[in-house]
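Undergrad: build the 3D model from these lines:
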Amino acid sequence: MTLFLERDGAAPYDECLSLMTARKPSCVVLGGGGFLGLNLCRHLASAGYRVRAFGRRCSFPEALEDVPWLPGHASDVDALTAAIESCETVFHLLGTTTGYSAQHAVAQDLHDNVIAALHCFDVSRKLGVKRIVFTSSGGAIYGAPAQIPTPETAPAEPFTAYGINKLAIEKYLAAYERFHGVDYRILRIANLFGPFQLPKKDYGTIANCISCALDKQSIKIWGDGSAVRDYVFADDVIAALESAMNDSSDQRIFNIGSGQGRTLNDVVWSVEQILNTKLEIDWKPSRPGDIPASVLAIDRARAVLGWTPSTPFEIGLRKTVEWWESMKRHP
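TA: This is a model prediction of the structure:
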C-alpha cells in the first residue's frame, strides 16, 4: 500500500517521517497560574508546544489567553487527571507556601504540598506520563551549606518545614522511578525574579523592592542586609526547564542559578539606581531561618544540559522594572 505519493514539491516519505518523530511533546504546567508557571506556559506556547495550565487561580489570566486553563486543586484527583491526561511531560510547579509561612503551619504545608505531589505522581504513573519535571528549592534544600557555591553533591540538610518538604518530594520522585519507572528531573532553583512576580510578605525580594519603591513605601529587611543570595532571571529558568524536559542523561538533579552572590544591600542599591529613588528601609531583627549565604554551583547544568544563564543581573532587573512600570500604567 502506498503511504505517500511523491510529486513536485512534496516531501519524501523519510522526510515526512522525520517531521512526525520530531514533534514536540505535549505538556501540562501544574501551578501554571503562578509567577514561574505563567512565564513557562507563555514560552512553551510560543515555541510550538501543546501546553495547558492547571492551578487554583491565575493572577494574570489575560497573559494566558493562548493557553487552555484548567482550574482545580491538586488534592482533587479527578481535576488533576483531566489536566494531565494525554500529556507527555508534567511540570510540577505547585506550591502553596513560602519558606516562612510553612513554618507556621507545618501540618498544613505537609498536606498541601507533599500529599498533593503524591497525587500528581500517582496520576502521572497511571496515565503513562513520560517525564515529570519538579521545581525544588536551591536555597532551602542545603540548609546552611559549608561549601559556597554549593554543588548538588553537598549534603541536603534543610532545617525549615519548606525545605524538608521539598526534599521529601524529591525522595518520593526517586522512589517512584525505582518502583514504577516514572522518569523525572529536579531543578533546585535559586532566588527567582522577573515579570509577573508579585510581592509577598516573605518572598520575592526584588518584587518587594520594586513595588515599595514605586509606591513610595518602606521595605522590611530582616538582619543588616549583608545576607548573600543567588538571583536568577525567569527567562533563564524557563530555558533550564525546557532543557530538563528534553534531557537524555542519567542525571536527575540540577542546580539552577546565576552562580554568583549578591547581598541584599546590593539589590536595594541596584533598584534605587534604576528607579532613581531612595528606598526607606524598615530594619527588622534577623530570623531563625535566615542563613548568611546561599549561592549555587551550576557546573552540572552547564555540562549536562548545555545550559548557562544568559541574562546579566542588571539587564534582568531592568526588564523587571519595566514590566512593573507598565503594570502601574495599565493595571
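
Undergrad: residue 134 - that's part of a helix, no?
TA: No: the assignment for residue 134, made by DSSP: H, G, I helix; E, B strand; the rest coil, is strand rather than a helix.

Undergrad: how about the strands in the stretch 101-250 of the chain?
TA: Under the criterion DSSP state E, counting those that start in this stretch, strands of the stretch 101-250 of the chain are mapped to 131-137, 184-189, 191-193, 219-222, 228-229, 231-233.

Undergrad: JSON lines please, covering these and showing mean pLDDT, mean neighbour count and distance to residue 173.
TA: Yep, even glycine has a C-beta here, placed from its N, CA and C like the rest. Output for the strands of the stretch 101-250 of the chain, formatted as JSON lines (pLDDT from 0 to 100; neighbours: other CB atoms under 10 Å; distance: least, CB to CB, whole Å):
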{"stretch": "strand 131-137", "mean pLDDT": "98", "mean neighbour count": "24", "distance to residue 173": "6"}
{"stretch": "strand 184-189", "mean pLDDT": "98", "mean neighbour count": "24", "distance to residue 173": "5"}
{"stretch": "strand 191-193", "mean pLDDT": "96", "mean neighbour count": "23", "distance to residue 173": "21"}
{"stretch": "strand 219-222", "mean pLDDT": "93", "mean neighbour count": "17", "distance to residue 173": "32"}
{"stretch": "strand 228-229", "mean pLDDT": "97", "mean neighbour count": "18", "distance to residue 173": "26"}
{"stretch": "strand 231-233", "mean pLDDT": "98", "mean neighbour count": "24", "distance to residue 173": "22"}
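
Undergrad: tabulate these (TSV), appending distance to residue 105.
TA: Output for the strands of the stretch 101-250 of the chain, formatted as TSV (distance: least, CB to CB, whole Å):
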stretch	distance to residue 105
strand 131-137	17
strand 184-189	23
strand 191-193	23
strand 219-222	20
strand 228-229	24
strand 231-233	27
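
Undergrad: which of these sits closest to residue 252?
TA: For these, the distance to residue 252 is smallest for strand 184-189, at 6.0 Å, taking CB to CB.

Undergrad: elements contacting that closest one?
TA: strand 131-137, helix 161-180, helix 234-246, strand 253-256 (3 or more CB pairs under 8 Å, 6 or more residues apart in numbering; DSSP states H and E).
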